[in-house]
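**Q** next one to model:
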Amino acid sequence: MTVECTANRHCSDCRFSGAKKVCDKTSKRCVDVECLRNNDCGERAICEEQSCVAVECEKNSHCGMREICSYNKCRAVECVSDMECGENEFCNSDKRCQPEN
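**A** Below is the predicted model of the structure:
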């Protein structure tokens, strides 16, 4: 049996060649994969186990008004900044308007 690799670093360096390869521990061969990191996938997709998986959002701009992207899902919030809260209120870390002391 020919051993081509024993670790991912033995396969083509994708930073220079553009190849996306990992070392298959069973066959000891470099195999092509769809992605190595999130940047290898398109917008609204993440890299999970070397495959691109569609997600609802990657950043807040993918969501609607008064929503934030949390764990790749849009989540409704009361506020995203102090300007959306009433007088003498601020937007806390839970994205809820809270009265000032």
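
**Q** all contacts plus neighbour counts: C-alpha atoms, from now on.
**A** Will do.

**Q** pull the number of nearby residues for the residue lying closest to residue 66 once chain neighbours are set aside.
**A** Nearest non-adjacent residue to residue 66, counting by Cα to Cα, 6 or more residues apart in numbering: residue 77, 5.4 Å away. By the criterion of other Cα atoms under 10 Å, residue 77 has 14 neighbours.

**Q** can I assume residue 77 is in contact with residue 97?
**A** No - contact criterion Cα atoms under 8 Å: residue 77 and residue 97 do not qualify, at 9.6 Å.

**Q** OK, contacts around the closest residue to residue 2 other than its chain neighbours?
**A** In space, and not counting its chain neighbours, residue 2 is closest to residue 28: 7.8 Å by Cα to Cα, 6+ apart. Counting by Cα atoms under 8 Å, 6 or more residues apart in numbering, residue 28 makes contact with 2, 3, 4, 5, 6.
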